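Enquirer: Just to be clear, the model below is a prediction. Sequence and coordinates:
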Number of protein chains: 2
Amino acid sequence: MEQIISAKNERVKKWAKLKTKKGRTTFNQYILESWHLVSEAINAKQLVDVILTTDKQYELHQEDIDTFSGEVIEISEDVAKTLGSTSTPQGIFGIVNLESNLEVANIDYSGAWLLLDQIQDPGNIGTMVRTADAAGFNGVVFGTGTSSQFNPKVLRSMQGSQFHVNIFEGDLNDWISKFKDNHVPVYGTELNPKAVGYLDVNPTENVALIMGNEGNGMQDELLDQTDKNIYIPIKGRAESLNVAIAAGILMFHLNK
Amino acid sequence: MEQIISAKNERVKKWAKLKTKKGRTTFNQYILESWHLVSEAINAKQLVDVILTTDKQYELHQEDIDTFSGEVIEISEDVAKTLGSTSTPQGIFGIVNLESNLEVANIDYSGAWLLLDQIQDPGNIGTMVRTADAAGFNGVVFGTGTSSQFNPKVLRSMQGSQFHVNIFEGDLNDWISKFKDNHVPVYGTELNPKAVGYLDVNPTENVALIMGNEGNGMQDELLDQTDKNIYIPIKGRAESLNVAIAAGILMFHLNK
């Protein structure tokens, strides 16, 4: 097995760049951290190009890694630190090729969908994808201005749910009109005088639920296109709910 | 107004220690960051001893700060960086005296309560307190082994809800027996064969809901004492829900 020990190795420098948007666009790849995510990616037929593993991680997962058909490279703890996104990286990574997966023509718009409008916090985003998976949602659309699905923190907090639900990126205006064409009701979430309490909204098989930016809420432009606008009544003195918590309550209510 | 410019000042060194458990125990104080939290603490009659503010923050909140009866000290950006817990601290802090607030004899055990069993992640903990507030819960009990309510990250993510609901720390065994003495049903949350789906559990005015550790769940010892054990059915292929999301769904279900 090839070994890379120096964090100054040219390939390591390239892989480290995959943690940034610019790097991902340049090389058309992203980097996935932890055996859990790498193995889920392989099982989900993602185009895993290379597995990078420390000696320690290789020993733990040797049986599975040996069945991998692509390149496997042993890396030092130093290289793992350079590539990782936490202070104590696990020491195993996958370099995954990005597909031009925008076969928007073949999308099945039925079922429940979560639309993210300019959501910023990677932890919130990842948790919402994980929750959408658990709630039996069909897909999640990352609207323009929402942090990337390939951001290392987003990848980590999705915990593999990115391989269980459909994930798309795009202009939510286009997505809303597609849902409308397919008779899927579109629900906004903004606390305004026209909003309806969520307990007065019936669970429904098909729905597109939009969650807005943590500080500013949904864009007015999108709000104008929704069929309904729902909110969660606050009983105590909290000013608001965390966006991922609100999404969780609404998704489990709508899809129960 | 007194000014402290050097991060090496003895008082600054002391205040920085309040970010750790040891420092808080030694000095019987904690440090609160951001004007939002400091002003909420003052309004909630917490024993705010000193306000530390950069010139910039003082200008923004001068009118309110001038009505504060305690000591106000101007600090440099350097000092703010030493005391802060984020990479870009806002620049305003409160040093708050800890009260020996364990008047457990006078607690009203009615209403809804959230009990945290060995929860580790400060963001999860803070978000759960904020959500408990929004769901109209009466209080939150930090069980032994749960991160401290005065941990800077916990303080930040509670977003002031610590001043809206009752917060206690203690042994959950004692708390469970108190709830039982007061005829408050105690619900555990653990996925096991005896667990009941939450949609089959009726909302109830009085309840003590226990959430368990992120990785290991609830302690068996506590689980043995619950009246009921509830879970959230997972529809997709996610292995689990984030503990704060699960708590949000359950709290809004039980207290609706």
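Expert: Great, that's in hand. Numbers count the residues shown, from 1 in each chain, chains lettered A, B, ... in the order given.

Enquirer: separation between A:Thr86 and chain B?
Expert: Per C-beta to the nearest C-beta, to the nearest Å, A:Thr86 is found 13 Å from chain B. From N, CA and C alone the C-beta is placed, and that goes for glycine too.

Enquirer: my bad, should have said A:Ile5
Expert: Counting by C-beta to the nearest C-beta, the gap from A:Ile5 to chain B is 31 Å.

Enquirer: Could you verify my assumption that that residue touches A:Val79?
Expert: Yes. A:Ile5 is in contact with A:Val79 according to C-beta atoms under 8 Å; the separation is 7.0 Å.

Enquirer: So which of those two has more stuff around it?
Expert: A:Val79 (27 against 13; other C-beta atoms under 10 Å in any protein chain shown).

Enquirer: Tell me who's in contact with the more buried one.
Expert: A:4-7, A:9, A:12, A:52 (C-beta atoms under 8 Å, 6 or more residues apart in numbering or on different chains).

Enquirer: quick one: which helix or strand includes it?
Expert: helix A:77-83 (DSSP states H and E).

Enquirer: And the helix or strand that that helix is followed by, how far out from the chain middle?
Expert: Downstream of helix A:77-83, the next assigned helix or strand under DSSP H and E is strand A:92-97. Averaging C-alpha positions (C-alpha atoms, centre = their mean, to the nearest Å) puts strand A:92-97 16 Å from its chain's average.

Enquirer: In three-state terms, label the closest residue to chain B within the stretch 51-200 of chain A for me.
Expert: Going by C-beta to the nearest C-beta, chain B is nearest to A:Gly136 of the stretch 51-200 of chain A, at 3.0 Å. Secondary structure state of A:Gly136, per DSSP: H, G, I helix; E, B strand; the rest coil, is coil.

Enquirer: same deal with the one 5 residues further on?
Expert: Here A:Val141 is strand, with the state taken from three-state DSSP.

Enquirer: Check A:Ser39 too.
Expert: helix.

Enquirer: need the contact list for it.
Expert: A:61, A:64.

Enquirer: about what we covered before: quick one: the residue of the stretch 51-200 of chain A closest to chain B from A:Gly111, how far?
Expert: 8 Å (C-beta to C-beta, to the nearest Å).

Enquirer: now A:Ala238
Expert: 32 Å.

Enquirer: Would you mind telling me which of the two has more residues around it?
Expert: Set A:Ala238 next to A:Gly111 and count neighbours by other C-beta under 10 Å: A:Ala238 wins out with 22 against 17.

Enquirer: so does stretch A:155-173 get close to chain B?
Expert: Yes. With C-beta under 8 Å from any C-beta of the partner chain as the criterion, chain B is reached by stretch A:155-173 at A:159-161, A:164-165.

Enquirer: In that stretch, which residues are buried?
Expert: A:155-169, A:172 (16 or more other C-beta atoms under 10 Å in any protein chain shown).

Enquirer: With stretch A:21-33 instead?
Expert: Quick answer for stretch A:21-33 (16+ other C-beta under 10 Å): A:23-24, A:27, A:29-33.

Enquirer: do the same with stretch A:113-125
Expert: A:113-119, A:121-125.

Enquirer: near chain B, anything from that stretch?
Expert: Yes. Counting by C-beta under 8 Å from any C-beta, chain B has neighbours in stretch A:113-125: A:Gly123.

Enquirer: Can I get that stretch in PDB, CA atoms only?
Expert: Extracted in PDB, the C-alpha atoms of stretch A:113-125 (Å, rounded to 0.1, in the frame of the first residue of the first chain):
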ATOM      1  CA  TRP A 113     -39.600  17.600   0.800                       C
ATOM      2  CA  LEU A 114     -37.600  20.100   3.000                       C
ATOM      3  CA  LEU A 115     -36.400  23.300   1.300                       C
ATOM      4  CA  LEU A 116     -33.600  25.300   3.000                       C
ATOM      5  CA  ASP A 117     -33.700  29.000   2.300                       C
ATOM      6  CA  GLN A 118     -30.300  30.600   3.000                       C
ATOM      7  CA  ILE A 119     -29.600  28.600   6.100                       C
ATOM      8  CA  GLN A 120     -26.100  29.300   7.400                       C
ATOM      9  CA  ASP A 121     -25.100  27.100  10.300                       C
ATOM     10  CA  PRO A 122     -23.600  23.800   9.100                       C
ATOM     11  CA  GLY A 123     -24.700  22.000  12.200                       C
ATOM     12  CA  ASN A 124     -28.300  23.100  11.800                       C
ATOM     13  CA  ILE A 125     -28.200  22.100   8.100                       C
END
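
Enquirer: could you give me the average pLDDT of that stretch?
Expert: Stretch A:113-125 shows a mean pLDDT of 97.

Enquirer: And stretch A:194-203, by the same measure?
Expert: 95.

Enquirer: right, and A:Val96 touches A:Ile31 too?
Expert: Yes. Counting by C-beta under 8 Å, A:Ile31 is a contact partner of A:Val96 at 7.5 Å.

Enquirer: Go through stretch A:86-103 and flag the buried ones.
Expert: Here stretch A:86-103 shows A:89-96 as buried, counting by 16+ other C-beta under 10 Å.

Enquirer: Check A:Ser100 and give its pLDDT.
Expert: Listed pLDDT for A:Ser100 reads 63.

Enquirer: how much space between the residue nearest to A:Val154 when sequence neighbours are not counted and A:Phe150?
Expert: Nearest residue to A:Val154, sequence neighbours excluded (C-beta to C-beta, 6 or more residues apart in numbering or on different chains): A:Pro122, at 4.4 Å. Counting by C-beta to C-beta, the separation of A:Pro122 from A:Phe150 is 11 Å.

Enquirer: so how far does stretch A:1-16 reach from one end to the other?
Expert: 21 Å (C-alpha to C-alpha, to the nearest Å).

Enquirer: Residues touching that stretch, excluding its own?
Expert: A:23, A:27, A:31, A:52, A:71-76, A:78-79, A:81-83, A:93, A:95.

Enquirer: let's go with 10 Å and repeat that
Expert: Residues from elsewhere that reach stretch A:1-16 (C-beta atoms under 10 Å, 6 or more residues apart in numbering or on different chains): A:23, A:26-27, A:29, A:31, A:50, A:52-53, A:55, A:58, A:65, A:71-84, A:93, A:95.

Enquirer: Check stretch A:194-206 too.
Expert: A:109-113, A:138, A:179, A:182-185, A:187-189, A:207, A:223, A:226, A:228-233, A:246, A:249-250, A:252-256, B:252, B:256.

Enquirer: Can you list the buried residues in that stretch?
Expert: Within stretch A:194-206, judged by 16+ other C-beta under 10 Å, the buried ones are A:195, A:198, A:201.

Enquirer: For the second one, what are phi and psi?
Expert: To tie it back to what came earlier, the one meant is A:Tyr198. For A:Tyr198, the backbone dihedrals (degrees, to the nearest 10) come out as phi -60, psi -30.

Enquirer: Excluding residues flanking it in the chain, which one is nearest it?
Expert: Per C-beta to C-beta, 6+ apart, closest to A:Tyr198 is A:Ile230, 4.8 Å.

Enquirer: That'll do, ta.
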